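A.B. asks: fold the stuff below for me.
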Amino acid sequence: MTLLRRGTRSPGNAGAPPAPAADPPDVLANPPTGRLVVRSPPLPQEGFLEWLLRLSARNILPGPQAILKAAGLGGGIRNHGRDKVVARVAALTGTPPEAVSIRLAERWAGPRDGLFIVPGHPDLRRRMLRFHEPAVCLACLEEDGGVVPAAWSLAAWVACPRHECRMVRTCPACSTPLSWSRPAARRCGAPGCGRALFCDAPDPAPAPVVDLVRLIAKAAGVRDMPPSSLEPVFGSLPLKHLLMMISALDAPLPDTPDKKLWTSRRSGEDAVHAASELLADWPRQFHAHLHRIRDPDAAGRHVSLQKEFPEFFRRLSLRAFFPEDARTILLKEAVAFLDEHWTGDPVKSQRLARLGGALPTSKWISRGQAARRLRVNTPAIVDLVNKGLLKGERRVAAGSNRLWIDRADLERFVVEESRHVSREAFKATNGLLTKQEIAQRLGVDLPRVVHLAEAGHLDQRGRYPDLYYTEASADGLVAMFERAASGTLPPGQTASSRRLVSERGLRQGRLSIDIVKLVEAVAAGLAAPAHVDQAKSGLRRYSFDADEMKALARTLSGDTTLDVVAAQKALACGTKDVPRLIAAGLLADLRSGLGDCGGKGVRRRVTRESVENLRRDVAPSSVLAREHGVPASAFDRLMAGFGIEPVLARAGENTRSFWRREEVAAALAGREARNASQELRESDGGFAGIGGQNSHSCVERNS
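C.D. replies: Coordinates of the predicted model:
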């Protein structure tokens, strides 16, 4: 069988048949004499040599060099121009020239320039590729039908990310290194061997190496590969920068940095193993890496981080060998690690951060930086640390004791304290007032504001160094006093006949009732304002009955009895009702067996417990009439109409009738229900035509 089919001839052979229309034209002077019998365009994952190796196997040729010789490119393609190589190979294989061109380097200037590239990554350096020593994964070749991806030619591709085994670089039978001169991807090309490549037991690769190669596969665009655990951190790096980072973490320094050439004698496999060991648990392994390249002369002496680890710093400073994006990632993790575990001072971490371009990733910042962040002076930072509001640590650096602030805790403090907004905006947003504004609104002096806040009656919120109080809590106190006053003083009623005392008089007088006790008494219902001065504002508007305040003072002091006047005011009854209640057994005085001296007249004293029990179950008619909205003058007749008997009937002037709260509430509720039912019947009857004012004229009413 003929391997090459006859094609077009030179222009001098006039009698030769014309070339078929399907054949691509040859733009060169010396076109090839034929075309391959079995032709196939390159696959997306194949490179130039990988594609020719597959074509040589399908055409039963001894190797890719046979195809190049058939294309008239003998003696090595470097001896021919790039355009000539593209045109000859495209004409021989029946492939568009563009598909061949993207698999060859743009320029062949010298021996250090590569000839072949990985499709889609023309910027890779020659040392990043390994075309002179190809490697294969026998399991992948068996599954993919002998297709060799171009990514296998990367020097860092030392393991199969799919099968987690090492790449095969030698023939298992003769131990000869593989070459591109073999006839097929799964056959050995050594003279005298030519056997099929096989592997009984694949050599497993270390897990960190496989994980790193998976990251390389992702950057190279290889499909259907398992994900790598390094992708969240290093997944944004392009393939070239990723390979540069791998080499920089292991390779020694170049001898001539100005030429930007790698001169490492270590193999790519060594670099990948070393880099995978570092990146597998970065940045904890970074500390071991620093110790591995530590300057032995620096032991036992206080030197800078740059002098202590000179090789690492020189590598990071050479931007041509360490890309900026990779440097940023590594330094960000390294600075955080040094801040956590470094036994020396944080200045070394600061220098490392400055080397990376002032990365704001250090865990510790200086006291001055924290002060500028919070817009306060530096002594305020010390005060915040002493109060426990900020996390700080004192460390010795350059012979001096310095205070360093935790960056994360500082940002937490900024968010919680809303330091990013102005003071006025902070007050307006959160409804806050200063101490002076609260004192003016409540009508009290500044110490009273502090006492109310300490007792929990005013909500406060701090923003260092200021302390604010909520406007809602201050308005709530005023509203509570207003409700208490409206319950005891109906509209239009005055208390001019009473002896009144203000809040300041209670505090400064003999009763010694401060603002906190007064607020708690009003909240518990033990006291209520007796007079409201509408011309004033805040708590200054409210005055209290002096006698009630005396009783309140005795209550607060622990007295369990009330005199007749205090009991009368507590029950809101007439002046003669307390003796009547005592005689009826509804109130207990000290002569009822609870004491040995009950007194007479207004000096007579009753127990506070009996007054509270009576107020809970029984109330005078005036109180019940006001609660249920019934005229007080008609209350007794209304209850008699319901058939309810009073607990204690009225007995003349300055007395009240007393009724049980439950019976009155039930009777009035039934009354409201009957009224509503009657109104409903009247409205329904009118429309039904039974005599209502809205009955129709056509409906006759039966008498």
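
A.B. asks: doesn't residue 179 belong to a helix?
C.D. replies: No: applying DSSP: H, G, I helix; E, B strand; the rest coil, one finds residue 179 to be coil, outside a helix.

A.B. asks: what's the closest non-adjacent residue to it?
C.D. replies: Nearest non-adjacent residue to residue 179, counting by CB to CB, 6 or more residues apart in numbering: residue 189, 5.5 Å away. Placement of C-beta: from N, CA and C, glycine included.

A.B. asks: now the residue sitting nearest the centre point of the chain. Its backbone dihedrals?
C.D. replies: With distances taken as CA atoms, centre = their mean, residue 412 lies nearest the centre of the chain, 11.7 Å away. Here is the backbone geometry of residue 412 (degrees, to the nearest 10): phi -60, psi -40.

A.B. asks: and the pLDDT at residue 546?
C.D. replies: Note on residue 546: pLDDT of 81.

A.B. asks: scratch that, residue 396 is what I was asking about
C.D. replies: 56.

A.B. asks: how about the strands in the stretch 501-650 of the chain?
C.D. replies: For the stretch 501-650 of the chain, the strands defined by DSSP state E, counting those that start in this stretch cover 531-532, 542-545, 561-563, 605-607, 618-620.

A.B. asks: pull the residues that contact the second one.
C.D. replies: Contacts with strand 542-545, where a contact means CB atoms under 8 Å, 6 or more residues apart in numbering, come from 481, 485, 495, 498-503, 506, 518, 527-533, 569.

A.B. asks: rewinding a little: could you redo the strands of the stretch 501-650 of the chain as JSON lines and give each row mean neighbour count and distance to residue 663?
C.D. replies: What follows is those, written out as JSON lines (neighbours: other CB atoms under 10 Å; distance: least, CB to CB, whole Å):
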{"stretch": "strand 531-532", "mean neighbour count": "18", "distance to residue 663": "34"}
{"stretch": "strand 542-545", "mean neighbour count": "24", "distance to residue 663": "31"}
{"stretch": "strand 561-563", "mean neighbour count": "23", "distance to residue 663": "26"}
{"stretch": "strand 605-607", "mean neighbour count": "23", "distance to residue 663": "24"}
{"stretch": "strand 618-620", "mean neighbour count": "22", "distance to residue 663": "10"}
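
A.B. asks: can you tell me which of those the model trusts least?
C.D. replies: strand 561-563 (a mean of 79).

A.B. asks: still on that earlier bit, of the strands of the stretch 501-650 of the chain, which is nearest residue 382?
C.D. replies: strand 542-545 (45.7 Å; CB to CB).

A.B. asks: can you list the strands that that closest one pairs with?
C.D. replies: If you go by DSSP bridges, strand 542-545 pairs up with strand 500-501 (antiparallel), strand 531-532 (antiparallel).

A.B. asks: tell me how far the first one lies from the chain's centre.
C.D. replies: Which is strand 500-501. 57 Å (CA atoms, centre = their mean, to the nearest Å).

A.B. asks: buried sites along the helix or strand harbouring residue 475?
C.D. replies: Using DSSP states H and E, residue 475 falls within helix 471-488. Neighbour-count burial for helix 471-488 flags 471, 473-474, 477-478, 481, 484-485, 488 (criterion: 16 or more other CB atoms under 10 Å).

A.B. asks: with stretch 195-204 instead?
C.D. replies: By neighbour count on 16+ other CB under 10 Å, the buried set for stretch 195-204 is residue 197.

A.B. asks: and the end-to-end length of it?
C.D. replies: Stretch 195-204 has an end-to-end distance of 24 Å (CA to CA, to the nearest Å).

A.B. asks: tell me the mean pLDDT over it?
C.D. replies: What stretch 195-204 shows for mean pLDDT is 83.

A.B. asks: give me the contact list for that stretch.
C.D. replies: The contact list for stretch 195-204, computed with CB under 8 Å, 6+ apart, reads 136, 138-139, 141, 163-166, 168, 171-174, 186-188.

A.B. asks: of these, which is the nearest to residue 70?
C.D. replies: The closest of the contacts of stretch 195-204 to residue 70 turns out to be residue 187 (CB to CB; 19.9 Å).

A.B. asks: next, give phi and psi for the closest residue to the closest one other than its chain neighbours.
C.D. replies: Nearest non-adjacent residue to residue 187, counting by CB to CB, 6+ apart: residue 196, 5.7 Å away. Per-residue torsions, residue 196: phi -70, psi 140 (degrees, to the nearest 10).

A.B. asks: tell me the pLDDT of the residue lying closest to residue 651 once chain neighbours are set aside.
C.D. replies: Excluding the flanking residues, the one nearest residue 651 by CB to CB, 6+ apart is residue 580, at 6.5 Å. Note on residue 580: pLDDT of 91.

A.B. asks: residue 453 now?
C.D. replies: 89.

A.B. asks: tell me the contacts of residue 657?
C.D. replies: Contacts for residue 657 (CB under 8 Å, 6+ apart) come out as 620-621, 635-636, 646, 648-650.

A.B. asks: now do it against residue 161, distance only.
C.D. replies: Distance, residue 657 to residue 161, by CB to CB, to the nearest Å: 97 Å.

A.B. asks: who's in contact with the residue nearest to residue 651?
C.D. replies: When contacts are counted by CB under 8 Å, 6+ apart, residue 580 touches 648, 651, 655.

A.B. asks: a markdown table for the strands paired with strand 542-545, including distance to residue 119?
C.D. replies: Output for the strands paired with strand 542-545, formatted as a markdown table (distance: least, CB to CB, whole Å):
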| stretch | distance to residue 119 |
| --- | --- |
| strand 500-501 | 96 |
| strand 531-532 | 90 |
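
A.B. asks: tell me which of these lies nearest to residue 675.
C.D. replies: Minimum separation from residue 675 across the strands paired with strand 542-545 (CB to CB) falls at strand 531-532, 35.2 Å.

A.B. asks: same list (the contacts of residue 657) but as CSV, adding distance to residue 275.
C.D. replies: Below are these laid out as CSV (distance: CB to CB, whole Å):
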residue, distance to residue 275
620, 93
621, 96
635, 96
636, 101
646, 99
648, 99
649, 103
650, 102
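
A.B. asks: drop anything exposed from these.
C.D. replies: Among the contacts of residue 657, those buried by neighbour count (16+ other CB under 10 Å) are 620-621, 635-636, 646, 648, 650.

A.B. asks: on the three-state scheme, residue 44 is what?
C.D. replies: When the rule is three-state DSSP, residue 44 gets the label coil.

A.B. asks: pLDDT score for it?
C.D. replies: Per-residue pLDDT puts residue 44 at 89.
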